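S.K.: Sequence and predicted model, in that order:
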Amino acid sequence: MKKLLFVYGLLMVAFLIYLIDFQSREANASLEEKSKGLHGDIDEKYVMVTFQAGADYWKNILKGFEDASQALNVSVEYRGAAQYDVKEQITVLEQVIAKKPSGIAISAIHSDALDVTIYKAIDAGVPVVLFDSDAPKSNAYSYIGTNNYNAGVTAAHEISDMLNNNGKVAVITLSNNQQNQIDRLKGFQETIEGQYPDIKVVAIKNGKGNQLVSKQAVIDILKQHPDLKGIFVTEASGGVGVGEAAILLNKVHQVKIIAFDTDKQTLDMVKDGTIAATLAQGTWNMGYWSLQYLFHVRHDLIKLPNDPYTHDILPKMDTGITVVSRKNVENYYAK
């Protein structure tokens, strides 16, 4: 009898050891799964599409896109039109759609010219988000980038402070139906007209996103308005051209320039005082959250409306801006 009880005891102990070990392994597996977070499949490929693909501006956005891909264990690809050309970007986008990627993030060169192609992607089951420059009437699932109207408002307030709420100003922009440029100009104009009656916008010129064209545009404006006090430039290349014009005409201390973005030439001009301030965008965030959003849509983690054309109710993300002046310019140089 004692032997039998002893055997039963051994069996009971063995069972308890097995039970404890099983529960421990289950708990560890659960913790490991939680610690991994969201992970996809390396065969999932998400594509970023831009224009002027060689521009430095895209590098930090692409870095955010790539960082998100590493966090999610998915693949990414970068494609872009080589030139500033609407038809070329449409062609690139159609080529990408034909490969049926897991999702596409695109900066739209034109506010509505890509709408039909974006419709094709959605109809083919390919999620699309827009970043940097919106196509507000498309059925893309989100826009992730700067609230460009508010950026124009910020520029208006900044230039007003610099001019003590008085004087003539001009705008150098990119007149090409690119939505971010439209919104920046609108925000600036409406704020000046509505809140600063003693500031007059006396000229709006198309700098064509080109340093030399923008430089010449400012030279022409200053010939007509030698008492000009301020210039707002809505994109990066123009800011450098405007700065060069101010140096050439000895107007650096007379004309306050507010530029856009943080390429090295612009930062150097902020540092030496040629440009009074520039507006820095949250570029890394654009790339990172574009991929995160696409991934969540692909994995049904975001509930979308049944009608994909109800774009007005879809969420948008403002990645913010920061005013960069001589006080903080050192923080914006590439490390």
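M.R.: Perfect, thanks for sending it. Numbers count the residues shown, from 1 in each chain.
S.K.: neighbouring contacts of the host helix or strand of Tyr288?
M.R.: Assigned by DSSP states H and E, Tyr288 falls within helix 283-298. Here helix 283-298 makes contact (CB atoms under 8 Å, 6 or more residues apart in numbering) with 38, 40, 44, 46, 48, 57, 60-69, 72, 74, 76, 102-105, 127, 129, 131-132, 141-142, 144-145, 301-302, 304, 317, 319-320. (C-beta placed from N, C-alpha, C; glycine too.)
S.K.: Which members of the residues you listed are classed as buried?
M.R.: 40, 44, 46, 48, 57, 60-62, 64-66, 68-69, 72, 74, 76, 102-105, 127, 129, 131-132, 141-142, 144-145, 302, 317, 319 (16 or more other CB atoms under 10 Å).
S.K.: and Ser175, what does it touch?
M.R.: Ser175 neighbours (CB under 8 Å, 6+ apart): 181, 206, 208.
S.K.: possible to save those residues as TSV with neighbour count, pLDDT and secondary structure?
M.R.: What follows is the contacts of Ser175, written out as TSV (neighbours: other CB atoms under 10 Å; pLDDT from 0 to 100; DSSP: H, G, I helix; E, B strand; the rest coil):
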residue	neighbour count	pLDDT	secondary structure
Gln181	22	97	helix
Asn206	17	97	strand
Lys208	19	93	coil
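S.K.: for these, which one is nearest Ala277?
M.R.: Gln181 (18.7 Å; CB to CB).
S.K.: Residue ranges of each domain in the chain, please.
M.R.: 45-146+283-304, 148-280+324-332 (automatic domain parsing).
S.K.: Asp112 contacts Asp134, doesn't it?
M.R.: No - under the criterion of CB atoms under 8 Å, Asp112 makes no contact with Asp134, lying 10.3 Å away.
S.K.: what number of residues lie near Glu94?
M.R.: 12 (other CB atoms under 10 Å).
S.K.: ok, back up a step: now render the contacts of Ser175 as CSV, adding distance to Gly230.
M.R.: Output for the contacts of Ser175, formatted as CSV (distance: CB to CB, whole Å):
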residue, distance to Gly230
Gln181, 19
Asn206, 18
Lys208, 21
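S.K.: Gln189: which of the residues you listed is nearest?
M.R.: Using CB to CB, the contacts of Ser175 come closest to Gln189 at Gln181, 12.4 Å.
S.K.: How about the contacts made by the closest one?
M.R.: Per CB under 8 Å, 6+ apart, neighbours of Gln181: 148, 173-175, 234-235.
S.K.: Swap in 6 Å and give it another go.
M.R.: 173-174, 234 (CB atoms under 6 Å, 6 or more residues apart in numbering).
S.K.: Now do the closest residue to Asp132 other than its chain neighbours: how many residues are near it, please.
M.R.: For Asp132, ignoring the flanking residues on the chain, the nearest one in space by CB to CB, 6 or more residues apart in numbering is Ser107 at 4.0 Å. A count of nearby residues for Ser107, using other CB under 10 Å, gives 26.
S.K.: Same question for Ala124.
M.R.: Count around Ala124 with other CB under 10 Å applied: 10.
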